[in-house]
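In: From the sequence below, what's the structure:
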Amino acid sequence: MNFAFDDDTEEMREAVERFARRELGGPPPAAGAPDPAEFRRRWQLAGKQGLVGSVVPERYGGSGLDAVAAAAVMEALGYGCPDTGFAFSVAAHLFAAVMPVVEFGTEEQKRALLPALCSGERIAAHGITEPEAGSDTLALRTRAVRDGDAYVLDGAKAFTTNAPVADVFVVQAATAPGGGYFGLTAFVVDADTPGLTVGPPYDKVGLRGSPTADVRLDGCVVPASAVLGAEGAGASVFAGSMKWERTCLFAAYLGAMRRVLESTVAYAGQREQFGIPIGGFQAVSHRVVDMTLAVESARLLLYKAAWGLARGSEDEVAPALAKLAVSEAAVRVGLDAVQLRGALGVLSGEAETLLRDALPSRIFSGTNEIQKNNIARALGLGGGRRAGTRRRAGTPRSGAPDPERRDPQAP
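Out: Purely as a prediction, here's the structure:
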């Protein structure tokens, strides 16, 4: 086992940290959503740095990184950029929308879409969550009906990360309602397609630097060439994106936690009460040690999952454990950082920002409860199929697994 990055990855990680501190500094919006012009300016800078296409093969304009290097880059971005929402948007674009094109797109789709998505010229979003279909993905109501050489899409998506600024959407729709795992199909839809409209940005408790909104599809006509993968492959497209998302996206939280932990240690060494720095009190020092333990444990699980993903592992448990560990650690570290700062902790600052940004992490990419159900099933405790699902007509009893689940608040 080697717990150190290779020289190239370490150099790249340090470069991304410097870039993020220099070009992406500044806190997230105090309320509402980021200014679209400022968001796109930062996005284009991130594109020039190679961040928004890091895992895309070089022949399509990306950097060709594997999952371990991609996680290292996302950790560096989370560390250097105080706006975790922006890092989240980069990750959602890359892992939830761009990688499905890389892994399931035709050669024509890849050459048409990926260069602009890697350069920062265009932004992508993945629309799957609906008001009535969060964890129960198979219950989505958006329909796609074949009409000659085209499909007509009708429905609504909720909690769609990057929707207000997206130029292209990966949209999941039912082409065979009630068809179970093989009833869903993914489509690539341009944002300017007639019938596609985006609602106003949400005002969220956290991740405010990431614009999120509803998307409506009303008689939205797309050519058959817009199908990603094949008709009926939508659940596979989504499951593939989740492996990337649950591993590499959450590395941004590792960086944010490391940044807040370092500032908390510095604060505990400077803040004096009763004539000594508060770090000298056991109650404070032990809490800092517990924060360190949570961060380092989560980090090991995440990079183990990334190591497996980079080697083509089909293991679903490692990404689920990593997602659980990182999201729970982020909430805990945020709470502890606020507590150790006392009254200062409830003022606007990086401690309370981490806590607010961490709260959604236990919900998106599949709620932590769903992750535990899936892990239990993998251990033989889930009755033979993914916990939290119901079998539908046409769903195989064995063989292909049920698609991944996630609750509303998904990227």
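In: Can you list the residue ranges for helices in the stretch 251-400 of the chain?
Out: 251-270, 282-310, 317-340, 350-358, 368-378 (DSSP state H, counting those that start in this stretch).
In: Any chance of those in a markdown table with mean pLDDT, distance to Asp8 and mean neighbour count as columns?
Out: The C-beta positions use only the backbone N, C-alpha and C, and glycine is treated the same way. Output for the helices of the stretch 251-400 of the chain, formatted as a markdown table (pLDDT from 0 to 100; distance: least, C-beta to C-beta, whole Å; neighbours: other C-beta atoms under 10 Å):
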| stretch | mean pLDDT | distance to Asp8 | mean neighbour count |
| --- | --- | --- | --- |
| helix 251-270 | 97 | 17 | 21 |
| helix 282-310 | 97 | 14 | 18 |
| helix 317-340 | 97 | 23 | 23 |
| helix 350-358 | 95 | 30 | 23 |
| helix 368-378 | 93 | 32 | 19 |
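In: Can you say which of the ones you listed is nearest to Gly47?
Out: Within the helices of the stretch 251-400 of the chain, the stretch nearest Gly47 is helix 251-270; the backing value is 16.9 Å (C-beta to C-beta).
In: Could you tell me the angle between that closest one and helix 317-340?
Out: 30 degrees (axes from the mean of the first three to the mean of the last three C-alpha atoms, to 10 degrees).
In: Can you add distance to Met242 and give the helices of the stretch 251-400 of the chain back as JSON lines?
Out: Below are the helices of the stretch 251-400 of the chain laid out as JSON lines (distance: least, C-beta to C-beta, whole Å):
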{"stretch": "helix 251-270", "distance to Met242": "15"}
{"stretch": "helix 282-310", "distance to Met242": "11"}
{"stretch": "helix 317-340", "distance to Met242": "7"}
{"stretch": "helix 350-358", "distance to Met242": "20"}
{"stretch": "helix 368-378", "distance to Met242": "10"}
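In: Tell me which of those helices sits nearest to Asp218.
Out: That would be helix 368-378 among the helices of the stretch 251-400 of the chain, by C-beta to C-beta, at 30.6 Å.
In: Correct me if wrong: Asn162 contacts Ile123.
Out: Yes. Contact criterion C-beta atoms under 8 Å: Asn162 and Ile123 qualify, at 5.6 Å.
In: Look up the closest residue to Pro164, ignoring the ones flanking it.
Out: Nearest residue to Pro164, sequence neighbours excluded (C-beta to C-beta, 6 or more residues apart in numbering): Pro211, at 4.1 Å.
In: where does the one you found fall, phi/psi-wise?
Out: The phi and psi values for Pro211, taken as degrees, to the nearest 10, are phi -70, psi 130.
In: so it makes contact with Gly32?
Out: No. Between Pro211 and Gly32 there is no contact under C-beta under 8 Å: 9.6 Å.
In: So which of the two has more stuff around it?
Out: Pro211 (29 against 13; other C-beta atoms under 10 Å).
In: how far does the strand or helix carrying Val221 sit from the chain's center?
Out: Assessed by DSSP states H and E, Val221 sits inside strand 212-223. How far strand 212-223 lies from its chain's middle: 22 Å, per C-alpha atoms, centre = their mean, to the nearest Å.
In: Who are the packing partners of the helix or strand hosting Ala125?
Out: Assigned by DSSP H and E, Ala125 belongs to strand 124-127. Judged by 3 or more C-beta pairs under 8 Å, 6 or more residues apart in numbering; DSSP states H and E, the packing partners of strand 124-127 are strand 150-161, strand 168-174.
In: now for the shortest one, which elements pack on it?
Out: So that's strand 168-174. With 3+ C-beta pairs under 8 Å, 6+ apart as the test, strand 168-174 has strand 124-127, strand 143-147, strand 150-161, strand 184-190, strand 212-223, helix 234-244 packed against it.
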